[in-house]
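> Everything below, folded, please.
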Amino acid sequence: MITKSKFSPRWWLRNPHLQTIVASKLSRGPSADTNSERLELEDGDFLDINWSKKTSGPWVCIFHGLAGSIESAYVKAAFKTLENAGMRPVFMHWRSCSGEPNRLARSYHSGATDDIHRLIQLVKTRFPDSPVYAIAYSLGANALLKYLGEEHSHCQLSGAVCVCPPLVLHVGAHKLNTGLTRIYQRHLITAMRAHHEAKRMRYPDLNLPVATTELDNFWKFDNELTAPLHGFKDVHDYYKKNSSRQFLPKIAVPTHIIYALDDPFFTEAVLPAENELSAQTTLELSEHGGHVGFIGNADGKDWLSNRICQILTRLQASQ
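Here you go, the predicted structure:
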């Protein structure tokens, strides 16, 4: 099902770049007060996880976007809103995003569903009687949608909300390499190169290739680093296998996608037709909102986090 969003920003925040940039710079409150845990993995690596200190309520797994962390504005906002609504958020840093390089040559990418599976299994094992939901943003949203499609009817989640997923990776890579949007690409590529170089210097025995300044766009970075380090033939193989749009028909748990038509990271070419969505999937389209923005709603509230909470609350009530 495709629906029209009720998000409506104030007139001076209708520009998608303002939505995107202002939202990313807002602190949206203090850092979340959590219990941190380092989960040691069977492959010799680790995941850094932050658990809500609340003692009751359903669990909500949070998966961040590219170069995000527990300090990302949208994560802090989600933690606060979910806890106030009686839910327990649990946040997973993608490998190398917690402030310490991971130990393996691999890191994370747009289709890294193995680590999503690990967190969900961990929560279900420790809290078998609690329903578990998930929310994800941007790159994390693409990976979560892919996971939902892969798991199909075996998925242990009770529902999911995905915000601004790329859906078709090569379209996003092309858009970010054109015009004004190259500013976002430069910022993200710089962060990714820094993460890679920090790991290369810390673990010289991995013999990682150098993330040179010539890797200045996603096509180059993903072809030279992301694809080979994660077992893909090249950038085209990586984009083809990990674009989440192809997994949408197989989703079997209630899933809500929030997307802005003016998102500067993508074009409307990524959007699926209604017949590509499973019966359990809703695509909510907004005229405005930018990329993980959705700020300046007419009522002055944090629209995005409140909308996510509203969706999850309704799901709980219906189950």
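> Which parts of the stretch 101-250 of the chain are helices?
Remark: helices assigned in the stretch 101-250 of the chain by DSSP state H, counting those that start in this stretch are 113-126, 139-151, 169-175, 182-202, 218-221, 227-229, 235-242.
> so which of those helices gets nearest residue 63?
Residue 63 sits nearest to helix 139-151 of all the helices of the stretch 101-250 of the chain, at 3.4 Å, using Cβ to Cβ. In this view, the C-beta of every residue, glycine as well, is placed from N, C-alpha and C.
> what does the closest one contact?
Helix 139-151 is contacted by residues 63-66, 68, 94, 109-113, 116-117, 134, 136, 155, 157, 160, 162-167, 169, 242-244, 246-253, 255, 257 when judged by Cβ atoms under 8 Å, 6 or more residues apart in numbering.
> and the angle from it to helix 235-242?
60 degrees (axes from the mean of the first three to the mean of the last three Cα atoms, to 10 degrees).
> Next, the angle helix 182-202 makes with helix 139-151.
Using the same axes, to 10 degrees: helix 139-151 against helix 182-202 is 80 degrees.
> Select only the buried ones of the contacts of helix 139-151 in ChimeraX?
The ChimeraX selection below is limited to those of the contacts of helix 139-151 classed as buried (16 or more other Cβ atoms under 10 Å):
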select :63,64,65,66,68,94,109,110,111,112,113,116,134,136,155,157,160,162,163,164,165,166,167,169,242,243,244,246,247,248,250,251,252,253,255,257
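> In strands only, show me the contacts of helix 139-151.
Mapping the contacts of helix 139-151 onto strands (DSSP state E) picks out 63, 134, 136, 160, 162, 163, 255, 257.
> can you tell me how far the residue in the chain sticking out farthest from the centre sits from residue 129?
The C-alpha centroid of the chain is most remote from residue 205, which lies 30.6 Å away (Cα atoms, centre = their mean). Residue 205 is 44 Å from residue 129, where distance means Cβ to Cβ, to the nearest Å.
> And residue 42, by the same measure?
Applying Cβ to Cβ to residue 42 and residue 129 gives a distance of 26 Å.
> Also residue 96?
In terms of Cβ to Cβ, residue 96 sits 34 Å off from residue 129.
> Between the two, point out the one with more neighbours.
Neighbour tally, residue 96 and residue 129, criterion other Cβ atoms under 10 Å: the higher count belongs to residue 96, 22 against 5.
> Next, that one: secondary structure please.
At residue 96 the chain is in coil, as set by DSSP: H, G, I helix; E, B strand; the rest coil.
> check contacts around it.
Contact analysis of residue 96 by Cβ under 8 Å, 6+ apart lists 102, 107, 108, 195, 198, 199.
> Same question for residue 55.
With Cβ under 8 Å, 6+ apart, residue 55 has no contacts at all.
> That one should be in a strand, yeah?
No. Residue 55: not assigned to a strand; according to three-state DSSP it is coil.
> Model confidence for it, exactly?
We have a pLDDT of 93 for residue 55.
> With the one 10 residues further on instead?
As predicted, residue 65 sits at a pLDDT of 97.
> Which strands or helices does the lowest-mean-pLDDT helix or strand in the chain pack on?
Counting by mean pLDDT, DSSP states H and E, the chain has its least confident helix or strand at helix 16-25, which shows a mean of 90. Contacts defined by 3 or more Cβ pairs under 8 Å, 6 or more residues apart in numbering; DSSP states H and E place helix 16-25 against helix 73-84.
> could you point out which element follows the least confident helix or strand of the chain?
Moving toward the C-terminus from helix 16-25, the next helix or strand (DSSP states H and E) is strand 34-40.
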